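**Student:** Coordinates for the following, if possible.
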Amino acid sequence: MITQAGEIFAARAYEFKSGATRNANDFSIGVQIHIHGATKPSAAALASLEWLYRNSHTALGKKKALKITGHEDHTSTDCPGGPLHSWVDHRGQDLYREVAAELGGGSTIPAYPGAAAFKIGKKHAAVKTLDNGLIRKGYVKHHDGDGYQAGTLFTKYTRLNVQDFQKAQGWTGADADGYPGAETWKRLLS
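**Tutor:** Residues are numbered from 1 along each chain as shown. Model prediction:
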C-alpha cells in the first residue's frame, strides 16, 4: 500500500504469494494507492509507485518487465477509477516499456488492442500510442490545420496518416485501408 504522502507499507514480503494465484501470477505484483474513486494520487504517491515498480524487478530477480494493469483489465470493475486509471493507461505503459528496454527482455511494444479501438470518432488510449508512433515515424501529413498531435480520438486524419504508413510498406487494397491491424501496429511502434 502507498499513502498519499508516498509512504510504502508491505502487506507481505516478496517471497510470499497470495493463495488465490496458485503460482499462476508471475507477471505482476499487487499495489494499492490509498485513495478512492476520483481522488487524484499525489505526486509523492506516484513517485513511490514508480520507485517500487523499478526496484521490484531486482528484488524479485525478474528478467522481464512486470505488467502494469488495473483491476478493470482482469474483471468487471471501475478500479482504479479516475486519475489513477489514466496513469495506468498512459504513464504506467510508458514506464513498462522503459523497464522492458532496460532489462532487455520482453517486448517494448504494447499488445495490439484489437480493431475495435480504431473506429472513426471513437476514443481509446491505444490511439494515443498509435499517434505517437505516427509522429515518431513522420507520418503526419494529414491534420485539422493545427498540425498532427497525439490524442485518444481516432479521426479521419489518423486513418489517412496510418494509410500513408501502410502504403509506404508496399501494401495495397485492404492492407492499406488506414485501419491498423496487428502488423501495422507492430511495425509502427517498433
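**Student:** Got phi/psi on residue 123?
**Tutor:** phi -100, psi 140 (degrees, to the nearest 10).
**Student:** Identify the bridge partners of it.
**Tutor:** Note on residue 123: beta-bridge partners residue 153, judged by DSSP bridges.
**Student:** I'd like the domain boundaries of the protein, if you could list them.
**Tutor:** 1-108, 115-189 (automatic domain parsing).
**Student:** Just name the most buried of the ones you listed.
**Tutor:** Of these, the one with the most neighbours on average (mean count of other Cβ atoms under 10 Å) is domain 115-189, at a mean of 16. For glycine as for every other residue, the C-beta is placed from the backbone atoms N, C-alpha and C.
**Student:** quick one: contacts of the helix or strand where residue 158 lies?
**Tutor:** For residue 158, the element it lies in under DSSP states H and E is helix 156-168. Residues from elsewhere that reach helix 156-168, judged by Cβ atoms under 8 Å, 6 or more residues apart in numbering: 118, 120, 127, 130-131, 134, 137, 139-144, 148, 175-180, 184, 187-188.
**Student:** Now the helix or strand residue 84 falls within - C-alpha only, CSV.
**Tutor:** Residue 84 belongs to helix 82-89 when assigned by DSSP H and E. C-alpha atoms of helix 82-89 as CSV (Å, rounded to 0.1, in the frame of the first residue of the first chain):
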residue,chain,number,x,y,z
GLY,A,82,-10.5,8.4,-12.5
PRO,A,83,-6.9,9.9,-12.5
LEU,A,84,-5.2,6.7,-11.4
HIS,A,85,-6.8,4.8,-14.3
SER,A,86,-5.4,7.4,-16.6
TRP,A,87,-1.9,7.0,-15.0
VAL,A,88,-2.1,3.2,-15.5
ASP,A,89,-3.1,3.6,-19.2
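**Student:** wait, doesn't residue 35 sit right on residue 85?
**Tutor:** No - with contact defined as Cβ atoms under 8 Å, residue 35 does not reach residue 85; the gap is 11.5 Å.
**Student:** what about the helices in the protein?
**Tutor:** Listed in chain order, the helices of the chain (DSSP state H) span 43-60, 82-89, 91-103, 125-137, 156-168, 182-189.
**Student:** Touching, residue 85 and residue 70? I think so.
**Tutor:** Yes - with contact defined as Cβ under 8 Å, residue 85 counts as touching residue 70 (5.9 Å).
**Student:** For the spatially most central residue of the chain, give its distance to residue 171.
**Tutor:** Central residue of the chain (Cα atoms, centre = their mean): residue 93, 3.1 Å from the mean position. Applying Cβ to Cβ, to the nearest Å, the value for residue 93 to residue 171 is 27 Å.
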